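J.: sequence plus predicted model, see below.
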Amino acid sequence: MTQLNVVREPGFCDLLIVDEMLPCDFSPFRTIEYSHYLSHFDTAQLICTEGWHSWASNLRFEEQLSSSKLSPSIKERIHPFSFFRDTVPKLAYITFLHNAWQMLPALAERNIPFILQLYPGGGFELNVEASDQRLMTIAHSPLCRKIIVTQNLSRDYLLEKIKCDPAKIELIYGGVYDTRNDFDFSRDKQRFGTHKDTVDICFVAHRYGDDTKKKGYDQFVAVAQALSERFEHVRFHVVGDYTPDQIPLGAAERTMTFHGKQPNAFFREFYPRMDIILSVNRPTESRKGAFDGFPTGACMEAGFRGVLNCISDPLDLNVAFTDDVDFVLVDLDTQKTIDRLSKLISNTERLYDVAYANWQKFLEVFDTDYQLWRRTRLITAELLRPEYLIVRPAPNRSMMDSDFGDNGMRHQVEEANGHYRNLLEQYNTVATAYESLRADYSQVIEYYENQHGGLLGEYKTLAEGFEALRLENATLHENISALNGTIPELNATISRLYFENSALHGDINALNGTLLELNSTISRLQAEIELKEMEALLRSEEARRVIQAMVDAAPFGRVEKGVLRLLKSRPAMSIRMSYSRLDPRRQHLTVQNEKQT
């Protein structure tokens with residue numbers, strides 16, 4: 001895509017971003033959003049008021065810019081505030097109320113229109129007179145083209161309390177945070193019992209002055225004390241400007257680690273090891289003063305890396321999430337919070353199921369591409385908005401003027417003719433210049449329509465493709481989870497079949513032994529039957545008489561021969577075999593019978 005020459009030196013720019021943090025990297029949502037604008041709009045520039053000195057860094061602008069990890073193409077578009085006086089922007093873009101109020105006089109002096117992104121905090125306080133006055137002045141300024149709000153409460157407050165024109169308000173729920181962080185729950189999440197031997201609960205927040213209750217640090221310590229007594233394997237982590245001496249830790253002293261303030265890079269390794277982030281923030285009882293959005297920025301970043309959000313919603317800002325399905329809703333009832341977290345710690349499988357649903361829902365609702373696309377489309381529409389030159393006509397002269405006499409009239413006519421000729425000449429010059437400017441303007445409009453219209457189409461195509469990939473990825477994760485759930489059941493079935501098979505082999509071996517015993521018994525019974533038949537035959541009176549007659553009639557010596565032939569005969573052999581199969585007791589009885597015979 002062909003681009004026009006990008007403005008590097010002071011001069012015209014289409015979009016001027018005013019911020020107090022960049023190039024300091026302590027505010028990741030600004031880094032992502034502003035880097036996108038600086039690369040998307042050809043002549044966009046950023047000026048910095050260097051507000052990081054109050055809490056984040058002591059470096060000068062040049063040192064901070066040099067140490068920044070931003071790409072060189074982005075760095076060369078970031079300038080100190082002195083750059084503003086030599087810059088001619090078409091539109092300014094400002095985040096937070098206090099920044100807009102600080103810049104309003106300079107913008108008004110040079111008639112520069114602007115867009116305000118009104119996040120909670122940053123000088124925006126509910127029902128505070130000074131804050132209301134500033135917000136009303138900005139919202140009713142003709143230079144204020146749009147106000148981006150991220151919470152329903154902010155929109156309603158602008159409409160009802162500030163009486164802002166509804167056409168100026170644009171609600172984009174959530175903020176610009178990095179959902180494209182290459183974190184995959186199934187691959188990168190560190191789980192208790194598999195990758196580590198502790199359940200880790202964290203608290204991440206910046207403190208408002210000396211107030212430890214606003215962000216819920218006091219609730220976190222109370223929960224940590226109770227859970228440290230119940231569970232030996234639970235650990236607690238605090239990130240932010242909190243110290244161990246602010247609240248007595250009690251039993252939590254041995255289980256709590258304080259990490260201090262950390263840059264964005266710290267959390268890439270920190271959050272995958274955390275299981276729960278606890279945030280029990282609360283506004284004042286009169287709903288007066290600063291308030292936090294839902295979820296807070298820290299909670300969103302934790303959710304993008306698989307940390308289960310256990311968070312409060314005292315102002316009913318939730319519009320997208322379901323308690324105990326894709327997050328856990330807590331409140332100021334400390335004992336209730338302790339009980340709910342205890343159940344999750346006791347059942348880590350359930351904890352990780354809800355954390356996975358939390359991760360997927362956050363990616364869907366706070367998708368980076370969608371958030372940037374909504375804001376970029378709004379900025380582009382304002383940049384393409386035409387500006388018209390309005391000329392006020394000169395007032396009519398009074399008839400009472402002394403110059404309106406006869407001589408004076410002729411003099412005035414001649415003078416008027418001379419003025420007319422001069423004006424006509426000037427008109428022709430202006431008309432020529434106007435035609436030239438109109439041609440240039442048409443080219444600029446055509447360029448913006450081609451460039452930004454094409455980019456808008458590309459954004460839509462990318463957004464559709466991303467959504468398709470996200471749905472496919474979600475389906476794959478569901479299938480993998482289902483398979484993972486089936487594997488233990490299959491292993492149990494295989495083990496059961498193995499034991500059943502072993503039992504069947506034992507039964508078969510027992511049956512084989514039984515069959516052998518039955519065959520032996522059957523053989524013994526058959527032998528007994530044959531023997532009984534022979535005994536019956538020998539006992540027969542008729543047989544004895546025949547044998548006796550044969551013995552009496554036989555010559556000497558033939559009896560012995562007859563007996564030998566009888567012993568060698570088939571019946572005698574059968575008798576001997578049957579006899580050999582009998583038990584000793586039966587053999588003894590048989591011998592007695594033979595002797596008798």
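T.: Thanks, I have it.
J.: what about the helices in the stretch 51-200 of the chain?
T.: Here the stretch 51-200 of the chain has its helices, by DSSP state H, counting those that start in this stretch, at 61-67, 72-75, 97-109, 129-139, 152-160, 185-188.
J.: touching the second one from outside, list them.
T.: Going back to what we said before, that points to helix 72-75. Here helix 72-75 makes contact (C-beta atoms under 8 Å, 6 or more residues apart in numbering) with 23, 35, 38, 39, 65, 68. For every residue, glycine as well, the C-beta is placed using N, CA and C.
J.: what comes up buried for that helix?
T.: residue 74 (16 or more other C-beta atoms under 10 Å).
J.: now the helices of the stretch 51-200 of the chain as TSV including mean pLDDT and distance to residue 346?
T.: Output for the helices of the stretch 51-200 of the chain, formatted as TSV (pLDDT from 0 to 100; distance: least, C-beta to C-beta, whole Å):
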stretch	mean pLDDT	distance to residue 346
helix 61-67	82	46
helix 72-75	90	48
helix 97-109	93	45
helix 129-139	94	45
helix 152-160	94	36
helix 185-188	93	22
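J.: out of these, which gets nearest to residue 314?
T.: Across those, residue 314 has its closest neighbour in helix 152-160 (11.0 Å, C-beta to C-beta).
J.: mind checking how far the closest one is from the chain centre?
T.: Here helix 152-160 is found 28 Å from its chain centre; the criterion is C-alpha atoms, centre = their mean, to the nearest Å.
J.: among the contacts of helix 72-75, show me the least confident.
T.: The member of these with the lowest pLDDT is residue 23, at 77.
J.: hey, where'd the strands end up in the stretch 301-450 of the chain?
T.: Assigned by DSSP state E, counting those that start in this stretch, the stretch 301-450 of the chain shows strands spanning 308-311, 328-329.
J.: packing partners of the shortest one?
T.: Just to be clear, that refers to strand 328-329. strand 308-311 (3 or more C-beta pairs under 8 Å, 6 or more residues apart in numbering; DSSP states H and E).
J.: same check on the first one?
T.: Applying 3+ C-beta pairs under 8 Å, 6+ apart, one finds that strand 308-311 contacts strand 276-279, helix 297-303, strand 328-329, helix 334-346, helix 348-365.
J.: mean pLDDT and mean neighbour count added to the ones you listed, as a markdown table?
T.: A markdown table is the format used below for the helices and strands packed on strand 308-311 (pLDDT from 0 to 100; neighbours: other C-beta atoms under 10 Å):
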| stretch | mean pLDDT | mean neighbour count |
| --- | --- | --- |
| strand 276-279 | 96 | 26 |
| helix 297-303 | 92 | 24 |
| strand 328-329 | 95 | 19 |
| helix 334-346 | 95 | 16 |
| helix 348-365 | 94 | 19 |
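J.: among those, which comes closest to residue 98?
T.: Once the helices and strands packed on strand 308-311 are compared by C-beta to C-beta, helix 297-303 is nearest, at 17.1 Å.
J.: helices or strands up against the closest one?
T.: strand 199-204, strand 276-279, strand 308-311, helix 348-365.
J.: output that helix as CSV - backbone C-alpha positions only.
T.: Extracted C-alpha coordinates of helix 297-303, given in CSV (Å, rounded to 0.1, in the frame of the first residue of the first chain):
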residue,chain,number,x,y,z
GLY,A,297,-7.2,-3.2,34.3
ALA,A,298,-5.1,-5.5,36.5
CYS,A,299,-7.9,-8.1,36.7
MET,A,300,-8.3,-8.1,32.9
GLU,A,301,-4.6,-8.6,32.3
ALA,A,302,-4.6,-11.5,34.8
GLY,A,303,-7.7,-13.0,33.2
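J.: what comes into contact with that helix?
T.: 28-29, 174-175, 177-178, 202, 204-205, 267, 271, 274, 277, 279, 295, 309, 311, 327, 358-359, 362, 366.
J.: picking up where we left off before, just send the helices and strands packed on helix 297-303 back as TSV, with distance to residue 159 too.
T.: Conversion of those to TSV gives the following (distance: least, C-beta to C-beta, whole Å):
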stretch	distance to residue 159
strand 199-204	33
strand 276-279	28
strand 308-311	27
helix 348-365	23
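J.: of these, which approaches residue 214 most closely?
T.: strand 276-279 (11.2 Å).
J.: output the contacting helices and strands for that closest one.
T.: In terms of contacts (3+ C-beta pairs under 8 Å, 6+ apart), strand 276-279 is packed against strand 199-204, helix 217-230, helix 297-303, strand 308-311, helix 334-346.
J.: low pLDDT regions in this structure?
T.: Residue ranges of the chain with pLDDT under 70: 1-10, 26, 52-57, 284-287, 387-415, 419-420, 447-456, 537-597.
J.: follow-up on the earlier one: between the helices of the stretch 51-200 of the chain, which one is closest to residue 289.
T.: Judging the helices of the stretch 51-200 of the chain by C-beta to C-beta, what sits closest to residue 289 is helix 129-139, at 8.7 Å.
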